[in-house]
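Visitor: this is the structure alone, sequence omitted:
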């Protein structure tokens, strides 16, 4: 997924040192090499510099608890996640906090309805959520609250989990004094402060 050529020479060398050589780094970013259970915390990211990490999109995501299994997980290869002055970028595409029209103007919809709307859109998965949770300095300040001062609950729809009782759930990040994560049942309502983390592009223009 990632464009290795857009990294600086220093970033390429530093990244190569961390994963065992430049060629190995290229294989990771192209999806040929997957980082699975790299260390004691099963981390799925590698720091490149103070504003940039590489995230393994393809490895099996961490489960919210032992009561869950993975229902679906969308992600190929690796991606470069970078904080810039104007926001967060993944492979040079800006991350947008996307709302359905049915979430705006006091309206809301069910999670399973929103899931259908998001089909085909470049949603981010739970491995990106965990990478941001473990590197909270990368998360933009604007993600904490919306324009009305409400806490934002930012959902990562690229990974759906199934609870042992049969319910489908998706994980989210939110700021409650510190960055935290939780999960939410798709049968519940999605409001205007429940955006999806989506990459900007033809289907999701930058607002």
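Guide: Good, I have the coordinates. These numbers were taken from a predicted model, which means no experiment stands behind them.
Visitor: helices along the protein, start to end?
Guide: In the chain, the helices defined using DSSP state H lie at 9-19, 22-30, 111-117, 126-134.
Visitor: nearest residue to the most centrally placed residue in the chain other than its sequence neighbours?
Guide: What sits nearest the mean C-alpha location of the chain, by Cα atoms, centre = their mean, is residue 128, with 3.3 Å. Leaving aside its chain neighbours, residue 128 sits nearest to residue 55 (5.7 Å; criterion: Cβ to Cβ, 6 or more residues apart in numbering). C-beta here means a position set from N, CA and C on the backbone, and glycine is covered the same way.
Visitor: before we move on, back to that, my guess is the residue nearest to the centre of the chain contacts residue 89, does it?
Guide: No. Using Cβ atoms under 8 Å, residue 128 makes no contact with residue 89, being 11.8 Å away.
Visitor: so what sits against both of these two?
Guide: Residues touching both residue 128 and residue 89 (Cβ atoms under 8 Å, 6 or more residues apart in numbering): residue 81.
Visitor: still on that earlier bit, quick one: which of the helices of the chain has the weakest pLDDT on average?
Guide: Among those, helix 9-19 carries the lowest mean pLDDT, a mean of 53.
Visitor: what score does residue 201 have for pLDDT?
Guide: Turning to residue 201, the model gives it a pLDDT of 82.
Visitor: how many neighbours does it have?
Guide: Using other Cβ atoms under 10 Å, residue 201 has 13 neighbouring residues.
Visitor: who's it bridged to?
Guide: Taking DSSP bridges as the rule, residue 201 bridges to residue 204.
Visitor: and it, how far is that from residue 95?
Guide: Counting by Cβ to Cβ, to the nearest Å, the gap from residue 201 to residue 95 is 11 Å.
Visitor: next one: residue 104
Guide: 19 Å.
Visitor: then residue 188?
Guide: Counting by Cβ to Cβ, the gap from residue 188 to residue 95 is 24 Å.
Visitor: who's more crowded, these two?
Guide: residue 95 (23 against 14).
Visitor: got the contact list for the nearest residue to the more buried one once chain neighbours are set aside?
Guide: Nearest residue to residue 95 in three dimensions, chain neighbours excluded: residue 88, at 4.4 Å (Cβ to Cβ, 6+ apart). Residue 88 makes contact with 81-82, 94-95, 132, 138-140, according to Cβ under 8 Å, 6+ apart.
Visitor: show me where pLDDT drops low in the chain?
Guide: Counting by pLDDT under 70, the chain shows low-confidence ranges at 1-42, 202-207.
Visitor: all strands in it, in order from the N-terminus.
Guide: In the chain, the strands defined using DSSP state E lie at 45-49, 52-56, 68-73, 78-84, 87-90, 93-98, 109-110, 154-155, 159-163, 168-175, 179-185, 189-190, 196-199.
Visitor: single out the most deeply packed of those.
Guide: Stretch with highest mean neighbour count among those: strand 154-155 (a mean of 26; mean count of other Cβ atoms under 10 Å).
Visitor: helices and strands around that one, which ones?
Guide: Applying 3 or more Cβ pairs under 8 Å, 6 or more residues apart in numbering; DSSP states H and E, we find strand 154-155 packed against strand 168-175, strand 196-199.
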